[in-house]
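[1] Okay, predicted coordinates and the sequence, questions at the end:
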Amino acid sequence: MKRTTVWSRPSTRVAVVTLAIFFLGALFAPVVAPYNPTAQPDIVALKDLPPSVAHPFGTDPYSRDVLSRVVYGARLSMGIGFLATLISVTLGVAYGAMSGLAGGFVDAVMMRVLDAFMAIPRLLLLIALLAAWHSLPITTLILFLGFTGWFSLSRIVRGQVLALKESEFVMAARAIGANRGRIVVTHLLPNLYSVIVVAATLGFAHVIVLEAGLSYLGIGVPQPLASWGNIIQDGAENVSGLWWLSLFPGLALLAAVIALNTLGERIRETFQSTR
Amino acid sequence: MTEPLLSIQDLRTYFHTSAGVARSVDGVSFDVGAGEMLGIVGESGCGKSVTALSILRLIQPPGRIEPGSHIIFEGKDLATVSEEDIRGVRGNRISMIFQEPMSALNPVFNVGDQVAEVARIHEGLSKKAAFARAVETLALTGIPAPAERAKEYPHQLSGGMRQRVLIAMALMMKPALIIADEPTTALDVTIQAQILDLLRDLQSRFNTSVLMITHDLGVIAETTSRVIVMYAGEVVEESPVEGLFAAAHHPYTEGLMHAMPQIGHERDRLNVIPGTVPAPTDWPHGCRFRDRCPYSWELCGRDHPPLYQIGVGHVSRCHLAIEPERRNHPHPPLVVQQGVAVA
Amino acid sequence: MLSLLVSRGLQSALIVALVVTFSFLLIHSAPGDPFAGALDNPRVNPAIRANLRAQYGLDRPLPEQYVKYVAQLARGNLGWSFSRGRSVRAVLGDVLPRTLLLMATALVASFLIGVGVATVQVSRRGSALDGFLDRASLFLASMPDFWLAILILLAFSYWIPFFSIGGAVDPVVHDMLPPYARFFDSLWHLILPAVTLTLLYASGIARFQRGALLDVMPLDFIRTARSKGLRERQILLHHAMRNALLTLITLIGLSFPALLTGAVFIEKVFAWPGMGLAMVGAIGARDYPLVIGCVIVGSVLVVLGSLLADLLYRWADPRLRQL
């Protein structure tokens, strides 16, 4: 009835506008960024400059322009987050749906395996995976982030599939003679839509923070590429002296995360209230 | 009847929701005498439970007892006394027994403590003394081995035992009035009879008044001496029990009686009153039962019927009181004619 | 109860076994030699090098290596940390208690603060204060852990230099201090990391507990409690609280990974010499045995935490106690 509520809340609009700015900035980074993010024009005279008109976010210890790095960082951080979330959601839905549809013994085994995965803290799992690499290709980072992010979604999907399996309209579809694959595609997926959208939005926020954290620890995005996490890492040796290196990318990160979390919560509320 | 124990005058409890104002209880008045057992009967949604909750001001927002309502009890108007005063009445002078004994008990405390809590609040008894009192009161309700049972948790007891625990809780302070809201609905038939016997027995022993709220005329017939029939937030008929069963006046009461299963009268299916109770946000003009009534005529759509005096202590909110001959010419109710919700 | 203990214990053991197997596979499937750093390290003498090769049996068939690896772990031998020149077990013996101290302090403080805030919110439901606390907790819950730590570090140790930062004690004077002063020196160093971790964790607890309390308040037994004549305060603090806390126990069991993750970043930012800092240092030094040792111990911690929470829940809920 009140499908418009998600848009009528001001907080939703602020979140969507924020995200749109980030996506556009990321997309048109070469246009938006005033300098080349990896250029080191003068490693002596232009390093560690505080914010000024020429460099609104200051420069880093290699004389690179921090604003440009934050803009390009948006591209990398959001891109990595997006692709990793895509992988997580696909895996989570596939695993959960399979487990729920199979039922019985297969389901029990699949769920125990999932328990084990969920018991390992994601950060530790990633550290163990990433620390083994001397220089990490971005593709591998995306894959690892994606592969470690689907556990809780698959559990939710399984629960929903189990509930839907017993519901009348799926029974009816089966009675008509629709085969399993068809039932999944035509009946289960549309019903899972809300769960997936919410999980994807919140998972996206989570993976951005995780990537930033890993880059801050020095095992995420490799230098000289710019991600929000490794810009902060560049200033980590001298946090008070180079405060602009921590502050600006952190604010960008925080804004993106709050926007995504808000959007996720609002979508969840909307779906719940229309049920 | 001399000075009543409880006198409810023009009680109106409205729920102010986004969908509109639901007038769940809309101008209800009745008295309960000392030591009397009074029944309120009606379908779900007629306002009987809201009436019960209103007496102790247990209505939660967006529900509200409207100004102008009076609930006179022991010389005080419970509708307007302070929070402090109404708390002193709750569980002490007036107590309640609820429908679902499982969900009405807190699952994480043992039943003895939950019963004892009443005496701790109202008499300031120590934990130990209150517990001893709780065990005594549980014994009164016929729970075997009450000292052991008191240490058990709600999920360990049967439905009947749990209802006895709630009754014990209500009896702790020997209140003047017990409000029993569908006390047997959730129970098996055999247990129902035991619980009703227990209530009647306790009522006569302690001379407690009981307000019995139910949708089941059988329960009314078995326990009460006087009955109030509610429909769409209003009292539609009030009568001594014998009078009501001998000669129900309001067509709604008549319908309820026909809907009762009767031994010796085998029928393929029960007679059911066609249609449903209208939405409380939108009571019809005139008589609120008109659409479901087999006797209604144009007056019923125009004038809201008052409570007509039918006999001694017998009133009815039906215009048939002034044109009784229409009862001989029933017609299909409007809801059936319009093809809406044929039961 | 005993059979439950056995089955949950077995389940936990299975999870630990999976973690161990997984870390073994990692060591062997990582590109290049995970011990390249060790084997190239001039500080590693030939004896240690031989020891490493023997321990991991790098030239042996994989199943044999696995059995040996597990056997070593079972004896508590987690390998050799060449960056520190000590056994991993000895390193963890030093750093783990500090991490546990940090986590335990934050856990207790978060529990008290989170439950307190939620209770205030529910008792003033819909008020401006409720709204403010709701926004504040959502804001904190969205904060990236390491960045909040950096901000607090900036604010309280550089701009308002009040608390000591870096390390667990003052490196210069600590050993010369009398015992009580040593205690306060340690406390002074603990405050900022613990406050940061508490802020992050308490916001989650407050949000969850508020929801749990609001779920309980409309239930029938709350109405019963009201009909007995209890005050709203007593109802909230006694009847609703006990039920909501049961749900909270499960949440805490599930959120140990978040607590540990927060601890890793916070230790790094504040140079709190616990397991997280050791692990981060080991990553930089390419000291893979120490990294894996920390991962295994961290996973065991999480598994133990959730096991404890589960048992606590079953003990605290009378409906499950008899099972």
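    Looks like it came in fine. Numbering: from 1, shown residues only, chains lettered A, B, ... in the order given.
[2] which secondary structure elements does the one helix or strand A:Val70 maps to contact?
    Here A:Val70, judged by DSSP states H and E, is contained in helix A:66-102. Identification of packing neighbours for helix A:66-102 by 3 or more Cβ pairs under 8 Å, 6 or more residues apart in numbering or on different chains; DSSP states H and E yields helix A:10-27, helix A:29-32, helix A:104-119, helix A:138-147, helix A:151-165, helix A:189-217, helix A:228-234, helix A:243-274. In this view, the C-beta of every residue, glycine as well, is placed from N, C-alpha and C.
[3] buried sites along it?
    Using 16 or more other Cβ atoms under 10 Å in any protein chain shown as the burial criterion, the residues of helix A:66-102 that qualify are A:66-78, A:80-85, A:87-89, A:91-93, A:95-101.
[4] What of stretch B:85-101?
    Judged by neighbour count (16+ other Cβ under 10 Å), stretch B:85-101 contains these buried residues: B:86-101.
[5] sorry, back to before: so what's the gap between the helix holding A:Val70 and the chain middle?
    Offset of helix A:66-102 from its chain centre (Cα atoms, centre = their mean, to the nearest Å): 5 Å.
[6] which phi and psi does the residue in the stretch 101-250 of chain A positioned nearest to chain C have?
    As assessed by Cβ to the nearest Cβ, chain C sits closest to A:Ala132 within the stretch 101-250 of chain A, at 3.2 Å. Main-chain dihedrals, A:Ala132, degrees, to the nearest 10: phi -80, psi -10.
[7] My guess is it contacts C:Ser23. True?
    No - using Cβ atoms under 8 Å, A:Ala132 is not in contact with C:Ser23; the gap is 10.4 Å.
[8] Common neighbours of those two, please.
    Shared contacts of A:Ala132 and C:Ser23 (Cβ atoms under 8 Å, 6 or more residues apart in numbering or on different chains): none.
[9] how about the residues of chain A near chain C?
    Contact residues (Cβ under 8 Å from any Cβ of the partner chain) of chain A with chain C: A:112, A:115-116, A:119-125, A:127-129, A:131-134, A:205, A:209, A:212-213, A:216-219, A:232, A:236, A:239-240, A:243, A:246, A:250, A:253-254, A:257-258, A:261.
[10] how's chain B carved up into domains?
    B:6-224, B:266-342 (automatic domain parsing).
[11] just so I have it, where are all the helices in the stretch 101-250 of chain B?
    For the stretch 101-250 of chain B, applying DSSP state H, counting those that start in this stretch gives helices covering B:111-123, B:127-140, B:146-149, B:159-171, B:189-206, B:217-223, B:241-246.
[12] per-domain residue ranges of chain C.
    Chain C breaks down into these domains under automatic domain parsing: C:2-87, C:92-322.
[13] average pLDDT across the shortest one?
    Per-region confidence: domain C:2-87 scores 73 on mean pLDDT.
[14] ok, now the longest one?
    The average pLDDT for domain C:92-322 rounds to 87.
[15] Stretch B:192-206 now?
    Average pLDDT, stretch B:192-206: 89.
[16] Just the buried positions in it, please.
    Buried positions in stretch B:192-206, judged by neighbour count with 16+ other Cβ under 10 Å: B:Gln192, B:Gln194, B:Ile195, B:Leu196, B:Leu198, B:Leu199, B:Arg200, B:Leu202, B:Gln203.
[17] How about residues contacting it?
    B:35, B:37, B:140-142, B:160, B:163-164, B:167, B:171, B:174, B:178, B:180, B:183-184, B:187, B:208-210, B:212, B:219, B:222-223.
[18] at 10 Å instead, please
    B:35-37, B:97, B:101, B:140-142, B:159-160, B:163-164, B:166-168, B:170-171, B:174-176, B:178, B:180, B:183-188, B:208-210, B:212, B:216, B:218-219, B:222-224 (Cβ atoms under 10 Å, 6 or more residues apart in numbering or on different chains).
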